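# the sequence and its predicted three-dimensional model are supplied below.
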Amino acid sequence: MSGFDGGRVYVSYQGQEAPRDPIEDGPGLPDRDIVEGFKQFIQSYQIGTTRDVQERRLYADDLYEHRSHLHVDLKDVRAAAPKLADALEERPSDVLPLFEEAARKVLQDKMASDEDGNPADVPEVQVLLYSSIPLAQSAAMSIRDLESSRVSKLVLLTGIITASSKPRHKATYLTVQCKTCRGTKRVACSDGMGGAYVPSYCDLANRRAPGAGGEDCGQNPYVILPEQSDFVDQQTLKLQEKPEDVPTGELPRTVMLVADRQNCGVVTPGTRVTITGIYSTFRGKAMDKGVTTLQQPYIRVVSVMQEAGDAHSRFKFTKEEIQQFEQFAKQDGLHEELFARIAPNIYGSDDIKKAVACLLFGGARKQLPDGTNRRGDINVLLLGDPSTAKSQFLKYVSRVAPIAVYTSGKGSSAAGLTATVVQDANSREFYLEGGAMVLADNGVVCIDEFDKMRPEDRVAIHEAMEQQTISIAKAGITTMLRSRTSVLAAANPPSGRYDDLKTAQENIDLQSTILSRFDLIFIVKDTREHDMAIAKHAADVEFLKRYIHYCRSQCSPRLNEEASKRLAAFYVEIRNEARTQADANDSDTPPVPITVRQLEAVVRISESLAKMSLQPVATLEHVTRAIELFTKSTMDAVKSGLTQGEMGGEQQLGHVRRLEERIKRRLHIGAFMTTRRLLDEMVALGEPESLVHRVLLALAAGGDINLTRERTMVSRVR
């Protein structure tokens with residue numbers, strides 16, 4: 001992020017440009033005609049003429065309401081005056097100041113004069129120019145399509161804000177004073193990242209203050225008077241390509257943005273935006289070694305439009321598409337049709353496909369009267385044998401979800417998943433950079449090899465999975481970022497394969513704090529029914545992606561009374577089942593905790609099923625389907641593996657206690673040895689190897705020993 005508050009005066013155009021000669025012999029119209037054309041456009045053109053809207057109003061009314069700024073759609077300018085639109089695209093640095101001058105004159109004419117009849121004093125107006133359609137000169141909207149031919153022209157880009165600096169104060173006009181003769185003059189600052197030119201010699205001989213010194217003021221006599229200079233806010237941002245737009249094997253590209261006045265401080269890292277700006281260049285610090293022809297590109301921001309909507313308004317839906325979606329939602333057997341479209345190249349795994357469909361559509365977010373929020377996103381964990389298509393499901397979701405980020409647990413750190421504070425190399429200032437869960441806001445994060453993550457990294461996503469925020473308190477930056485994402489994770493058991501001879505606690509080697517945040521947990525076993533097979537039909541992925549986006553942005557279902565009563569009864573049932581399972585395992589808690597979060601999980605699944613058919617209310621039928629899916633996933637995980645009762649009851653318990661004492665006698669406090677050697681010694685003494693494994697896990701859970709290096713080393717702690 002070179003250019004972050006460097007050691008020179010940086011300025012941007014603020015509508016106060018130094019007087020320029022009228023453009024003659026060049027393409028287009030004279031300045032006077034351009035100003036008059038823009039004035040007529042603001043006074044007579046109605047907002048929404050080119051769109052299907054209920055209420056129409058003049059741009060002048062909008063200007064009078066906001067006073068300091070005016071949002072203008074380039075599509076409207078093109079419809080009213082094509083020549084002015086062409087001039088804005090080709091020469092924005094020259095024409096945009098004239099547009100702002102016209103807006104200020106319109107505002108001045110509209111406001112009443114003072115008592116003496118003088119025109120009212122109005123503030124400078126900033127024109128926030130955006131385009132609801134691609135530009136006429138360049139239809140591309142990607143950072144990769146920025147070419148040298150677009151320099152100094154208007155560009156339209158989409159992407160994600162990944163970093164933002166603190167707002168700084170930049171000069172528009174500098175007042176300088178001669179140290180010798182005390183004369184003052186105002187120096188206009190150039191636009192963009194350019195600086196102001198301060199003369200090396202004093203030329204104020206005829207404006208000297210009384211009692212000033214002699215004739216010669218010397219070289220470099222000027223000093224800047226900040227209190228008499230004009231400043232505005234300016235902020236530097238970093239725009240990165242959307243993850244779904246990056247070609248395979250390529251690194252995402254970034255470009256620096258310079259935003260000022262009304263555009264300053266409106267976006268945070270992780271926000272998906274559409275930027276309208278002027279493609280410009282400047283000499284960076286790295287290029288100060290005599291190479292004057294090499295310039296660094298950046299974008300002077302004209303307007304920032306945040307992508308609105310639940311899953312962001314990335315798609316624009318036509319009337320024909322909306323009618324097609326409505327008819328599709330009303331057909332019989334809709335749920336079975338949607339489930340069949342999920343990952344058609346994977347044979348079987350019907351329940352997992354239902355869960356993936358629920359995750360893609362999501363539940364309904366709720367804001368309670370006290371201001372707190374309840375998440376509507378569904379989290380799913382696939383735990384089981386290798387070669388059971390877990391990663392294929394993750395890859396499929398990363399392609400179909402409107403917004404998705406795919407990452408692997410082993411190669412992901414806590415900072416890479418959440419957010420990090422980075423120090424800029426030039427300014428030595430700290431700024432925020434969002435990670436995967438921030439970039440996938442309102443989308444899906446697919447985390448493969450979830451069990452291979454370091455525990456301290458896994459803990460970092462606890463807040464993001466339930467509260468859907470990421471709190472940062474580092475390097476003097478204390479802030480909170482939004483992370484409204486669904487998490488689809490895939491993991492293997494500790495031994496690599498699911499062992500039916502072990503308890504669920506041993507097979508699911510994850511903390512209960514992270515397990516309780518998953519709405520659906522699937523134990524995936526490698527049986528013949530799960531063999532991979534290519535289905536005969538190929539799903540229309542693009543239709544499904546657009547339908548998912550339409551449902552997420554248009555529908556937010558709620559439960560009816562009958563469904564709520566059924567859910568309350570079901571919650572009591574599963575709590576009793578979990579308690580019974582814990583007693584059978586001679587444990588205080590079940591391997592997968594059943595809490596209020598699991599009740600909310602069933603609510604979210606019910607809302608997701610209703611959302612698939614665009615129904616505003618989740619009925620008893622939806623709740624019944626959700627309960628069936630929850631029972632086949634999470635409740636089966638609770639009941640999986642052997643129970644303590646199946647392993648011999650009280651007699652077995654006494655054997656376990658004696659084995660614990662034997663292991664403690666073999667390992668004194670502070671000693672360590674390989675797990676394999678300890679197992680061999682215990683087996684030589686006549687102990688079953690599987691029982692020694694269980695006792696070691698129990699001692700590790702109790703904090704008596706530590707199992708390190710993927711359980712190949714054991715050390716005694718207490």
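Cool, got the structure. Numbers count the residues shown, from 1 in each chain.
# for the closest residue to residue 331 other than its chain neighbours, the count of nearby residues, please.
Distances taken as CB to CB, 6 or more residues apart in numbering put residue 337 closest to residue 331, at 7.0 Å, once the chain neighbours are dropped. (Glycine included, C-beta is placed from N, CA and C.) The tally of other residues near residue 337 (other CB atoms under 10 Å) stands at 12.
# cool, residue 497 as well?
Residue 497, neighbours per other CB under 10 Å, totals 15.
# so which residues of the stretch 1-150 of the chain form strands?
46-47, 57-58, 69-73, 126-130 (DSSP state E, counting those that start in this stretch).
# how far off centre is the first one?
Spelled out, that is strand 46-47. The chain centre lies 33 Å from the centre of strand 46-47; the measure is CA atoms, centre = their mean, to the nearest Å.
# kindly report the same for the last one.
Using CA atoms, centre = their mean, the distance from the centre of strand 126-130 to the centre of the chain it belongs to is 25 Å.
# specify the angle between it and strand 69-73 in degrees.
20 degrees (axes from the mean of the first three to the mean of the last three CA atoms, to 10 degrees).
# now for strand 126-130, which elements pack on it?
If contacts are counted by 3 or more CB pairs under 8 Å, 6 or more residues apart in numbering; DSSP states H and E, strand 126-130 sits against strand 69-73, helix 92-110, strand 272-282, strand 296-306.
# make JSON lines out of these and add mean pLDDT and distance to residue 217.
Shown next, in JSON lines, are these (pLDDT from 0 to 100; distance: least, CB to CB, whole Å):
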{"stretch": "strand 69-73", "mean pLDDT": "86", "distance to residue 217": "42"}
{"stretch": "helix 92-110", "mean pLDDT": "85", "distance to residue 217": "34"}
{"stretch": "strand 272-282", "mean pLDDT": "87", "distance to residue 217": "31"}
{"stretch": "strand 296-306", "mean pLDDT": "88", "distance to residue 217": "36"}
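# just read off the phi/psi values of the residue nearest to residue 331.
phi -60, psi -40 (degrees, to the nearest 10).
# please, where are all the strands along the stretch 351-500 of the chain?
Using DSSP E, counting those that start in this stretch, strands in the stretch 351-500 of the chain cover 366-367, 373-374, 380-384, 404-408, 419-423, 430-434, 444-448, 469-474, 477-482, 486-491.
# hey, least reliable of those by pLDDT?
When the strands of the stretch 351-500 of the chain are ranked by mean pLDDT, strand 430-434 comes last with a mean of 75.
# so where's the longest helix in the protein?
Across the chain, the helix with the greatest residue count (assigned by DSSP state H) is helix 561-584.
# that older thread, of the strands of the stretch 1-150 of the chain, which is nearest residue 690?
Taking CB to CB, strand 126-130 is the member of the strands of the stretch 1-150 of the chain nearest to residue 690, at 66.3 Å.
# can you list the strands that that closest one pairs with?
strand 69-73 (parallel) (DSSP bridges).
# please save the CA atoms from the partner strand in CSV.
Taking Å, rounded to 0.1, in the frame of the first residue of the first chain, the C-alpha atoms of strand 69-73 are listed here in CSV:
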residue,chain,number,x,y,z
HIS,A,69,-23.4,16.4,-2.5
LEU,A,70,-25.5,15.0,-5.4
HIS,A,71,-25.7,11.4,-6.6
VAL,A,72,-25.9,11.3,-10.4
ASP,A,73,-26.4,8.2,-12.5
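# let's have the strands of the stretch 351-500 of the chain in JSON lines, adding mean neighbour count.
Output for the strands of the stretch 351-500 of the chain, formatted as JSON lines (neighbours: other CB atoms under 10 Å):
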{"stretch": "strand 366-367", "mean neighbour count": "12"}
{"stretch": "strand 373-374", "mean neighbour count": "14"}
{"stretch": "strand 380-384", "mean neighbour count": "25"}
{"stretch": "strand 404-408", "mean neighbour count": "20"}
{"stretch": "strand 419-423", "mean neighbour count": "18"}
{"stretch": "strand 430-434", "mean neighbour count": "21"}
{"stretch": "strand 444-448", "mean neighbour count": "26"}
{"stretch": "strand 469-474", "mean neighbour count": "15"}
{"stretch": "strand 477-482", "mean neighbour count": "15"}
{"stretch": "strand 486-491", "mean neighbour count": "26"}
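# and of the ones you listed, who's closest to residue 134?
Once the strands of the stretch 351-500 of the chain are compared by CB to CB, strand 404-408 is nearest, at 24.5 Å.
# the strands of the stretch 1-150 of the chain into CSV, with extra columns for mean neighbour count?
Shown next, in CSV, are those (neighbours: other CB under 10 Å):
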stretch, mean neighbour count
strand 46-47, 16
strand 57-58, 13
strand 69-73, 22
strand 126-130, 21
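# export those to CSV and tack on distance to residue 353?
Output for the strands of the stretch 1-150 of the chain, formatted as CSV (distance: least, CB to CB, whole Å):
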stretch, distance to residue 353
strand 46-47, 46
strand 57-58, 49
strand 69-73, 43
strand 126-130, 41
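# looking at the ones you listed, which is closest to residue 665?
strand 126-130 (75.6 Å).
# what is the end-to-end distance of stretch 221-240?
With CA to CA, to the nearest Å as the measure, the ends of stretch 221-240 fall 44 Å from one another.
# so residue 276 makes contact with residue 131?
Yes - with contact defined as CB atoms under 8 Å, residue 276 counts as touching residue 131 (6.1 Å).
# low-confidence ranges in the stretch 251-400 of the chain?
284-293, 308-316 (pLDDT under 70).
# show me where it has helices.
319-330, 334-341, 350-361, 390-400 (DSSP state H, counting those that start in this stretch).
# re the thing from before, ok, which of the strands of the stretch 351-500 of the chain comes nearest residue 671?
Going by CB to CB, the one of those nearest residue 671 is strand 486-491, 31.7 Å.
# and the closest one, which strands flank it?
strand 380-384 (parallel), strand 444-448 (parallel).
# using JSON lines, lay out those strands together with distance to residue 232.
Listed next are those as JSON lines, based on distance: least, CB to CB, whole Å:
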{"stretch": "strand 380-384", "distance to residue 232": "48"}
{"stretch": "strand 444-448", "distance to residue 232": "38"}
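# who wins for proximity to residue 624 among those?
Per CB to CB, nearest to residue 624 of the strands paired with strand 486-491: strand 380-384, 19.9 Å.
# still on that earlier bit, distance to residue 90 added to the strands of the stretch 351-500 of the chain, as TSV?
Formatted as TSV, the strands of the stretch 351-500 of the chain follow (distance: least, CB to CB, whole Å):
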stretch	distance to residue 90
strand 366-367	46
strand 373-374	46
strand 380-384	51
strand 404-408	37
strand 419-423	37
strand 430-434	34
strand 444-448	41
strand 469-474	43
strand 477-482	38
strand 486-491	44
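# right, and those strands - which one's nearest residue 350?
That would be strand 380-384 among the strands of the stretch 351-500 of the chain, by CB to CB, at 13.9 Å.
# now what about that closest one, what contacts it?
352, 355-356, 359, 390, 393, 450, 486-493, 498, 507-508, 515, 518-526, 637 (CB atoms under 8 Å, 6 or more residues apart in numbering).
# what angle do it and helix 390-400 make?
150 degrees.
# CA atoms only: put strand 380-384 into PDB for me.
Taking C-alpha atoms only, strand 380-384 is exported to PDB below (Å, rounded to 0.1, in the frame of the first residue of the first chain):
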ATOM      1  CA  VAL A 380     -22.300 -27.800   8.900                       C
ATOM      2  CA  LEU A 381     -19.500 -30.200   9.800                       C
ATOM      3  CA  LEU A 382     -18.700 -33.300   7.800                       C
ATOM      4  CA  LEU A 383     -16.600 -35.700   9.900                       C
ATOM      5  CA  GLY A 384     -15.500 -39.100   8.700                       C
END
